[in-house]
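Visitor: Predicted model, plus sequence, below.
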Amino acid sequence: MALRARIVLWSSEGRRRKDIAELLGISARTVDRCKVRYAERGLAGLEDRPRRRGR
(Lines give C-alpha, C1' and ligand atoms only; values in the text may rest on other atoms or scores of the structure.)
Protein backbone atom coordinates (compact mmCIF):
# COMPACT_ATOMS: atom_id res chain seq x y z
CA MET A 1 0.00 0.00 0.00
CA ALA A 2 2.85 2.40 0.79
CA LEU A 3 4.30 1.91 -2.69
CA ARG A 4 0.99 2.75 -4.35
CA ALA A 5 0.57 5.79 -2.09
CA ARG A 6 4.01 7.07 -3.12
CA ILE A 7 3.09 6.66 -6.77
CA VAL A 8 -0.06 8.73 -6.34
CA LEU A 9 1.67 11.41 -4.27
CA TRP A 10 4.64 11.75 -6.60
CA SER A 11 2.31 11.87 -9.60
CA SER A 12 0.35 14.68 -7.98
CA GLU A 13 3.63 16.56 -7.49
CA GLY A 14 4.18 16.42 -11.24
CA ARG A 15 6.88 13.76 -11.39
CA ARG A 16 7.04 11.79 -14.63
CA ARG A 17 6.01 8.14 -14.62
CA LYS A 18 9.43 7.12 -15.91
CA ASP A 19 11.11 8.85 -12.95
CA ILE A 20 8.67 7.31 -10.46
CA ALA A 21 9.26 3.86 -11.90
CA GLU A 22 13.04 4.26 -11.69
CA LEU A 23 12.94 5.55 -8.10
CA LEU A 24 10.76 2.65 -6.95
CA GLY A 25 12.36 -0.05 -9.09
CA ILE A 26 9.14 -0.94 -10.89
CA SER A 27 7.88 -0.73 -14.46
CA ALA A 28 6.18 2.33 -15.92
CA ARG A 29 3.20 0.07 -16.64
CA THR A 30 2.82 -0.60 -12.91
CA VAL A 31 2.79 3.15 -12.27
CA ASP A 32 0.03 3.54 -14.86
CA ARG A 33 -2.06 0.72 -13.39
CA CYS A 34 -1.80 2.19 -9.90
CA LYS A 35 -2.86 5.64 -11.11
CA VAL A 36 -5.86 4.17 -12.94
CA ARG A 37 -6.95 2.18 -9.88
CA TYR A 38 -6.70 5.32 -7.74
CA ALA A 39 -8.65 7.37 -10.28
CA GLU A 40 -11.41 4.77 -10.41
CA ARG A 41 -11.68 3.79 -6.75
CA GLY A 42 -10.00 6.53 -4.73
CA LEU A 43 -8.28 5.41 -1.53
CA ALA A 44 -9.81 1.95 -1.88
CA GLY A 45 -7.75 1.57 -5.05
CA LEU A 46 -4.58 1.68 -2.97
CA GLU A 47 -5.53 -1.42 -0.99
CA ASP A 48 -4.44 -4.91 -1.96
CA ARG A 49 -6.92 -6.86 -3.99
CA PRO A 50 -8.13 -10.16 -2.55
CA ARG A 51 -6.15 -13.06 -3.97
CA ARG A 52 -7.55 -16.34 -5.13
CA ARG A 53 -6.66 -19.36 -3.09
CA GLY A 54 -4.97 -22.27 -4.74
CA ARG A 55 -6.19 -25.82 -4.53
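Guide: That came through, no problem. The shown structure was predicted, so the numbers you read here are calculated from the model rather than taken from an experiment.

Visitor: Residues in contact with stretch 31-41: which ones?
Guide: 4, 7-8, 11, 17, 20-21, 24, 45-46 (C-beta atoms under 8 Å, 6 or more residues apart in numbering). Every residue, glycine included, has its C-beta placed from N, CA and C.

Visitor: Out of those, name the ones that lie in helices.
Guide: 4, 7-8, 11, 17, 20-21, 24 (DSSP state H).

Visitor: Report the lowest-confidence entry in the contacts of stretch 31-41.
Guide: The lowest pLDDT within the contacts of stretch 31-41 belongs to residue 46, with 83.

Visitor: now it: how far from residue 37?
Guide: As judged by C-beta to C-beta, to the nearest Å, residue 46 and residue 37 stand 8 Å apart.

Visitor: joint contacts of the two?
Guide: residue 4.

Visitor: Report the secondary structure state of the spatially most central residue of the chain.
Guide: By C-alpha atoms, centre = their mean, the chain has its centre lying nearest to residue 34, at 2.9 Å. Three-state assignment for residue 34 (DSSP: H, G, I helix; E, B strand; the rest coil): helix.

Visitor: now residue 42
Guide: Per three-state DSSP, residue 42 ends up helix.

Visitor: Now do the residue nearest to the centre of the chain against residue 54, distance only.
Guide: 26 Å.

Visitor: for residue 38, same thing?
Guide: The value you get for residue 38 to residue 54, if C-beta to C-beta is used, is 29 Å.

Visitor: Compare neighbour counts for those two and give me the winner.
Guide: Legend: neighbour count by other C-beta atoms under 10 Å for residue 38 and residue 54, higher for residue 38 (19 against 4).

Visitor: Tell me how far the more buried one lies from residue 17.
Guide: Counting by C-beta to C-beta, the gap from residue 38 to residue 17 is 13 Å.

Visitor: do the same with residue 10
Guide: Where residue 17 is concerned, residue 10 sits at a distance of 9 Å (C-beta to C-beta).

Visitor: same question, residue 54
Guide: Distance of residue 54 to residue 17, computed by C-beta to C-beta: 33 Å.
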